[in-house]
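A.B. asks: Build me a model:
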Amino acid sequence: MIFVILVGNTGTGKSTFLSKLNKRENRKIIINDDFYGKDYSHFSSEIFRALGENKNILLEGNYMTGRIRRSVIDTIKEYYPELIFICFDFGPGDQKSLNRRLLNPKTTREDTISIHKKYNEAYEEPQKSEGFSKVIKCN
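C.D. replies: All right, here's what the predicted structure looks like:
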């Protein structure tokens, strides 16, 4: 089984990538942490349910720091050490990604700009040492 984590700021193309991939691959589950808000117990149970059904996982979220990514990988590896972890890195974001998000905002303009800036400043480039078998740059 494969566990994919998509890393990147808002507007960098993660959702677009997944929608294209979704048309080609059918034995997988996409889990977007945006859908769960702060309800991490439900988020975690959804991941483990999918793994229990032997489904590949595509995890979409910002995951801007190594600490956050390592905590996800370490938790999953404890139960599924045979998993292959792959990271698609969409980067910290730039003016272009901010402009894309502003065209289709999920919140106010000011909040969108503030969130984009916060994620940009928090971004740490993913490393194989975090537990990934492969890190693929997508920007």
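A.B. asks: mind listing the strands for the protein?
C.D. replies: Per DSSP state E, the chain has strands spanning 2-7, 28-32, 56-60, 84-89, 134-137. These are given in chain order.
A.B. asks: Please name the nearest non-neighbouring residue to Pro105.
C.D. replies: With Cβ to Cβ, 6 or more residues apart in numbering as the criterion, Pro105 has its nearest non-adjacent residue at 4.9 Å, and that residue is Thr112. All C-beta spots, glycine's among them, are computed from the backbone N, C-alpha and C.
A.B. asks: Take the strands of the chain and lay them out in TSV including mean pLDDT.
C.D. replies: Converted to TSV, the strands of the chain look like this (pLDDT from 0 to 100):
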stretch	mean pLDDT
strand 2-7	87
strand 28-32	67
strand 56-60	82
strand 84-89	89
strand 134-137	92
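A.B. asks: Quick one, which of these gets closest to Ala50.
C.D. replies: strand 28-32 (4.3 Å; Cβ to Cβ).
A.B. asks: who's sitting farthest from the centroid in the protein?
C.D. replies: What lies farthest from the middle of the chain is Glu110; by Cα atoms, centre = their mean that is 23.6 Å.
A.B. asks: Now do the contacts for the residue nearest to Pro105.
C.D. replies: Going by Cβ atoms under 8 Å, 6 or more residues apart in numbering, Thr112 touches 10, 98, 101-102, 105-106.
A.B. asks: Between all of those residues, which two are at the greatest distance?
C.D. replies: It's Leu98 and Lys106 that sit farthest apart of those, by Cβ to Cβ, at 13.2 Å.
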